[in-house]
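Q: When you get a sec, could you give me coordinates for this:
(one chain, ligands or ions: 1)
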Amino acid sequence: MPELPEVETSRRGIEPHIIDTTISRVVIRERRLRWPVAKTVDRKLPGQTITSVGRRAKYLLINTDQGSAILHLGMSGSVCVVDHDTPASVHDHVDIEFDSGLMLRFRDPRRFGSLHWSKNPLSHRLLRNLGPEPLGDEFDGDYLWQKSRGRTVSIKQFIMNADIVVGVGNIYASESLFMAGINPRRAAGRVALHRYNALANAIKDVLSKAIKAGGTTLRDFYGGDGEAGYFQQQLEAYGREDEPCRRCDTPITAIVQGQRSTYYCKNCQT
Ligand SMILES: [Zn+2]
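A: Numbers count the residues shown, from 1 in each chain. As a prediction, the model looks like this:
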């Protein structure tokens with residue numbers, strides 16, 4: 001599933017190829033995505049010039065002077081930039097064509113993605129109630145500490161809640177708790193401020209490293225087969241059940257929290 005780093009990598013990969021170009025045509029082959037693609041999208045986009053490609057949480061914002069297309073990659077989606085005459089495969093549901101001869105192609109085999117048009121994307125119902133960006137200045141240990149007072153939910157589920165902070169997926173939650181030495185089962189309300197400082201820094205670090213790792217795939221966004229943008233990285237705890245902790249050699253423990261796998265070291269994480 002594309003996580004925040006993959007979406008950010010996609011944003012960086014496509015923006016240089018489509019900025020300052022004008023949309024000539026939109027081809028929608030399949031409207032039945034997670035939500036039906038409204039006719040407004042086909043009506044509003046042609047004639048608009050791309051001013052930037054932004055991101056909020058895991059939404060790509062294809063910005064114009066009049067508003068934005070809001071694209072979510074869902075469980076299996078990807079975007080790439082290709083020539084107009086590139087044949088579409090069965091899962092290529094949307095093409096946004098530009099006057100440059102290139103087009104932005106959205107592929108989504110499982111159709112959990114979505115595409116909306118909005119004049120004010122940050123006020124759109126999908127985006128307006130989201131927590132802060134993990135890599136932004138608003139997100140720090142003090143913020144997490146304030147938000148967590150009196151909360152009995154586990155720290156792991158707390159940081160995975162998009163109302164608290166966006167983009168901390170299951171793998172990144174496990175990894176950052178390992179880095180910060182915090183037991184994932186600990187109640188969020190019982191984590192001290194200095195530990196939240198360490199955790200916020202760990203979250204920023206883990207996500208930044210993943211984005212940096214994704215940078216090596218950037219060239220694949222143009223003319224590639226649309227599969228680019230998902231990448232592996234070195235994991236410290238996640239997926240390492242019974243393997244020795246990289247810090248203390250204690251075997252890594254696997255548990256399930258909120259139906260998601262958690263990996264942690266019983267010795268290092270308290
Ligand atoms: Zn350990």
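
Q: Next, find the distance separating Phe106 from the ion.
A: 42 Å (Cβ to the ion, to the nearest Å). From N, CA and C alone the C-beta is placed, and that goes for glycine too.

Q: for His116, same thing?
A: Distance from His116 to the ion, counting by Cβ to the ion: 44 Å.

Q: contacting residues around that residue?
A: Trp35, Val37, Ala38, Val41, Ala69, Ile70, His124, Leu126 (Cβ atoms under 8 Å, 6 or more residues apart in numbering).

Q: Could you export those residues as CSV, including secondary structure?
A: Shown next, in CSV, are the contacts of His116 (DSSP: H, G, I helix; E, B strand; the rest coil):
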residue, secondary structure
Trp35, coil
Val37, coil
Ala38, coil
Val41, helix
Ala69, strand
Ile70, strand
His124, coil
Leu126, coil
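
Q: Quickly list what His72 is bridged to.
A: His72 has these beta-bridge partners by DSSP bridges: Tyr59, Ser114.

Q: Asn161 versus that one, what's the distance?
A: Going from His72 to Asn161 by Cβ to Cβ, to the nearest Å gives 18 Å.

Q: the more surrounded of those two?
A: Neighbour totals were compared for His72 and Asn161, and His72 leads with 21 against 17 (other Cβ atoms under 10 Å).

Q: Please give the number of neighbouring residues around the closest residue to Gly141 other than its chain neighbours.
A: The shortest distance from Gly141 to any non-neighbouring residue, by Cβ to Cβ, 6 or more residues apart in numbering, is to Asn197 (3.3 Å). Neighbours of Asn197 under the rule other Cβ under 10 Å: 16.

Q: so who does Asn197 touch?
A: For Asn197, the contacting residues are Asp140, Gly141, Asp142, by Cβ under 8 Å, 6+ apart.

Q: who touches the residue in the stretch 101-250 of the chain positioned nearest to the ion in this structure?
A: At 3.1 Å from the ion, Cys245 is the closest residue in the stretch 101-250 of the chain, using Cβ to the ion. Neighbour list for Cys245: Ala237, Pro251, Ile252, Cys265, Asn267, Cys268 [criterion: Cβ under 8 Å, 6+ apart].
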